[in-house]
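In: Could you work out the structure for the sequence below:
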Amino acid sequence: MAEELDAPAKRPHIPVLLTPLIKAAGPVTGVWLDGTFGAGGYARGLLEAGADVVIGVDRDPLALEMAASWQGDYGTRLKLVAGTFSQMDEHASEAGHEGLDGIVLDLGVSSMQLDLAERGFSFMRDGPLDMRMSQSGMSAADLVNTAPEELIADILYHYGEERASRRIARAIVAARALAPFETTLQLTRVIEKCLPRPKPNQSHPATRSFQAIRIAVNDELGQLVEGLEAAERALKHGGRLAVVTFHSIEDRVVKRFLQLRASMGGGGSRHAPEADAQIPGFKLTPKKAIAPDADELSENPRARSAKLRVATRTDAPATPVDRKALGLPKMPEVL
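Out: So this is what the prediction gives:
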């Protein structure tokens, strides 16, 4: 995922934290799965670092279409699969690979999706209000044009951490009564009127709302939890899981999942009750998140909010986690 900048820019796709990922998760050998294939930056990086095979999974048909021009450079070493990373263990098995040596997840929306106005992810580029990663199902326009005001406010608050959520939701419902939302800039203008003009170096007023609506449309947090559980099932003993996040909600879920699955049980906290003793499914390697250094930030400003977490699979059986302990927003069902 790449955080959107306030000024549009045409840059080649730069995989965030690729070098520290290769270092922390290395040596890169055997079969790896890139669960958020996107423009293919991580998959290529893994192949060039020594992976024998990389399975690239993406639910966006465009990502797989765009890879057709260079996929042949790697022959049978690169296998592409249309699907979601929440089912990565099934995708790996169907590709003939049981027990993966590594998995990489780069969460959220990709630079490729942001840069295409027709995909409707960007509040800076006018296009249809879509935001669907799979290009099917409920769109962002469907959500803002039909959801009750209270649900829209909850989505903006819980998924975007937008403190003006009720004011914005009220304005959205008032605006759609005059004309349905069809484009990104229609929605951007309504949100801008609800918030103060940003100061220098502050994010655009629509950043949090667009993030929230995108997360709801694509069920990103549900997919994330299911994906982390699928990764535990898919990795063999000693396999590495590397996850790159871009905002606090994602990182909180990943951090708590790995802490829970690296714990021996017991203890407990205000977030989670005392757990029964169990053999840890992961070892944190390293224990803390990795952030981009000054050189990477200079080369790729979109990396400024990124965090990388890496864990190593043990030989313990895969175990579902208590979802209530992951810090997920308490949300009603979306539509």
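In: Quick check on Glu149: phi, psi?
Out: The phi/psi pair for Glu149 (degrees, to the nearest 10) reads phi -60, psi -40.
In: actually Asn300, not the one I wrote
Out: Main-chain torsions, Asn300, degrees, to the nearest 10: phi -140, psi 90.
In: contacting residues around the closest residue to Ile22 other than its chain neighbours?
Out: Distances taken as C-beta to C-beta, 6 or more residues apart in numbering place Ala49 nearest to Ile22, at 4.9 Å, with adjacent residues excluded. In short, each C-beta sits where N, CA and C put it, glycine included. Ala49 is in contact with Ile22, Gly26, Val28, counting by C-beta atoms under 8 Å, 6 or more residues apart in numbering.
In: And Ile22, by the same measure?
Out: So Ile22 contacts Val28, Gly45, Leu46, Ala49 (C-beta under 8 Å, 6+ apart).
In: Work out for me the element it sits within.
Out: helix 18-25 (DSSP states H and E).
In: mind listing what's buried in that helix?
Out: Within helix 18-25, the residues that count as buried by 16 or more other C-beta atoms under 10 Å are Leu18, Pro20, Leu21, Ile22, Ala24, Ala25.
In: could I get the residues you listed as JSON lines with pLDDT?
Out: Compiled in JSON lines, those are given as follows (pLDDT from 0 to 100):
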{"residue": "Leu18", "pLDDT": "96"}
{"residue": "Pro20", "pLDDT": "96"}
{"residue": "Leu21", "pLDDT": "97"}
{"residue": "Ile22", "pLDDT": "97"}
{"residue": "Ala24", "pLDDT": "96"}
{"residue": "Ala25", "pLDDT": "95"}
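In: Between these, which sits nearest Thr285?
Out: Ala24 (7.0 Å; C-beta to C-beta).
In: Apart from its neighbours in sequence, what residue is nearest that closest one?
Out: Val310 (4.5 Å).
In: Confirm that that neighbour sits in a helix.
Out: No: counting by DSSP: H, G, I helix; E, B strand; the rest coil, Val310 falls outside a helix, being strand.
In: Kindly confirm whether my reading is correct that it touches Ile290.
Out: Yes: Val310 is within contact range of Ile290, at 7.4 Å (criterion: C-beta atoms under 8 Å).
In: hey, what's in contact with both of the two?
Out: With C-beta under 8 Å, 6+ apart as the test, Val310 and Ile290 both reach Leu21, Ala24.
In: Neighbour count for these two, which is higher?
Out: Val310 (23 against 18; other C-beta atoms under 10 Å).
In: For the residue nearest to Ala24, which residues are in contact?
Out: Contacts of Val310 by C-beta under 8 Å, 6+ apart are Leu21, Ala24, Ala25, Arg240, Leu241, Ala242, Val243, Leu284, Thr285, Pro286, Ile290.
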